[in-house]
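In: Make a model of this:
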Amino acid sequence: TINNQLVRGIKEAVESGRGETVIIVGNPGSGKSTFMERFFKTVLETSVRERCAVVKIDVSKATNDLAGLSRWLTKHVKEGLEKLIFKDGLASYEELQGLYFKEYQSWMLGEFKPLYASNKNAFKIKFGEFLSEQKNSDPYTYVLRILEHVVRSRKMLPCLIFDNADAFDFAFQEAVFQYSQAIRETVPFSFIVVPVTDRSFWKLSKAGPFQKYPSKMFYLPVPPTKSVLEKRVEFLKRKIENQKDVRSYFLNKGIRLTIENIQGFAACLEEVFVKEDFVSRRLSWLANNNLKKCLNLAQSVILSPVFSVDDLVKSFVVYGKNVPLKV
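Out: As a prediction, the model looks like this:
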């Protein structure tokens, strides 16, 4: 249901010209980052997606420097917007002039009117120096100008995703949320998404900016480990089906696998992890329902000498998939 609710929220924002803040709450490793990436790429219908300017900031890549956080966030929001809006991520002189058109008019009609009337090229060079100074000395205002340009000129909804802030302590997460709301307050027609863990949300919602600013909260449930592994096996089988003419594959370290081996390997994974949920259920318990840890454990099981992949593949090739495989 979170898909439908989030789609409805973005549609309403686009149609009404009113932004919103959404908090995605989920257990650690529940796939919040993957959900957000796939939501904007595949779930959101094309007609709505084309009106959204989506920029995702991976906060986990920041240093644990609270004093420099605002500068770091501004830098990455700026780079994301430039890459999305301008050709090759570089704004032309004319585009920068449009962002600072009020200042351009003020110069042209005010203190630099004689220079504009006598030498327009010199006027443009001087204004270009001003633009360079503004970009470098006050990048936050520059970001706000781009966002206003996205809204007013391009008629799009800026969607800013501040992801993985929960990799840091609560004070850091509060600062990220406060930064996002400062943008939201200045550019009301913006859609802010902040994924957090359930523990972080419970702690931060008691006081501070999470309580001060209005927002909508959606809970992202953890899918069963068996279902996640099943989708990965299905993906592998589709890749094999789509490349029937390819007879062999090279893997790392010069290892070659034939198509029959890969089919057998997929069948073995399906038998062990999907058709019987004994293994997948215990992996989930060991990882405390953390999907990322579950997948790492599954990989360790497959690579473990106890799990004899060679013998299982040989059994499949010799006896066929109708014979049950034993681990």
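In: Now do the SS call for residue 159.
Out: strand (DSSP: H, G, I helix; E, B strand; the rest coil).
In: Let me know how buried the residue nearest to residue 69 when sequence neighbours are not counted is, in neighbour terms.
Out: Counting by C-beta to C-beta, 6 or more residues apart in numbering, residue 69 lies nearest to residue 175, which is 5.4 Å off, once chain neighbours are set aside. For glycine as for every other residue, the C-beta is placed from the backbone atoms N, C-alpha and C. Residues lying near residue 175 (other C-beta atoms under 10 Å) number 19.
In: How about residue 82?
Out: The burial count for residue 82: 19, using other C-beta under 10 Å.
In: Could you report the pLDDT at it?
Out: Listed pLDDT for residue 82 reads 95.
In: Check residue 230 too.
Out: The score at residue 230 is 84. That number is its pLDDT.
In: I'd like the distance between it and residue 237.
Out: Applying C-beta to C-beta, to the nearest Å, the value for residue 230 to residue 237 is 11 Å.
In: what residues are shared contacts of those two?
Out: With contacts taken as C-beta atoms under 8 Å, 6 or more residues apart in numbering, residue 230 and residue 237 have no neighbour in common.
In: Helices of the stretch 1-150 of the chain, residue ranges please.
Out: According to DSSP state H, counting those that start in this stretch, the stretch 1-150 of the chain carries its helices in the segments 2-16, 32-38, 46-49, 69-85, 93-99, 101-109, 113-118, 120-137, 139-152.
In: okay if I get these as TSV plus distance to residue 190?
Out: Shown next, in TSV, are the helices of the stretch 1-150 of the chain (distance: least, C-beta to C-beta, whole Å):
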stretch	distance to residue 190
helix 2-16	9
helix 32-38	16
helix 46-49	16
helix 69-85	11
helix 93-99	16
helix 101-109	20
helix 113-118	35
helix 120-137	21
helix 139-152	6
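In: now for the ones you listed, which one comes closest to residue 205?
Out: Residue 205 sits nearest to helix 32-38 of all the helices of the stretch 1-150 of the chain, at 16.8 Å, using C-beta to C-beta.
In: now what about the closest one, what contacts it?
Out: Outside helix 32-38, the residues that touch it by C-beta under 8 Å, 6+ apart are 2, 24, 26, 56, 161, 163, 164, 193, 195, 220.
In: List the contacts of the second one.
Out: Residue 24 is in contact with 2, 32, 35, 36, 193, 194, 195, 196, 218, 220, counting by C-beta under 8 Å, 6+ apart.
In: In space, what's closest to it - neighbours in sequence excluded?
Out: Nearest non-adjacent residue to residue 24 (C-beta to C-beta, 6+ apart): residue 195, at 4.1 Å.
In: you'd agree that neighbour is up against residue 167?
Out: No - counting by C-beta atoms under 8 Å, residue 195 does not reach residue 167; the two are 11.1 Å apart.
In: Between the two, which is the more surrounded one?
Out: residue 195 (26 against 16).
In: Tell me the secondary structure at the more buried one.
Out: Secondary structure, three-state DSSP: residue 195 is strand.
In: Identify the residues contacting it.
Out: Contacts of residue 195 by C-beta under 8 Å, 6+ apart are 23-26, 32-33, 36, 161, 163-166, 220.
In: Quick check: the farthest pair among those?
Out: Across the contacts of residue 195 (C-beta to C-beta), the longest gap, 15.4 Å, separates 165 and 220.
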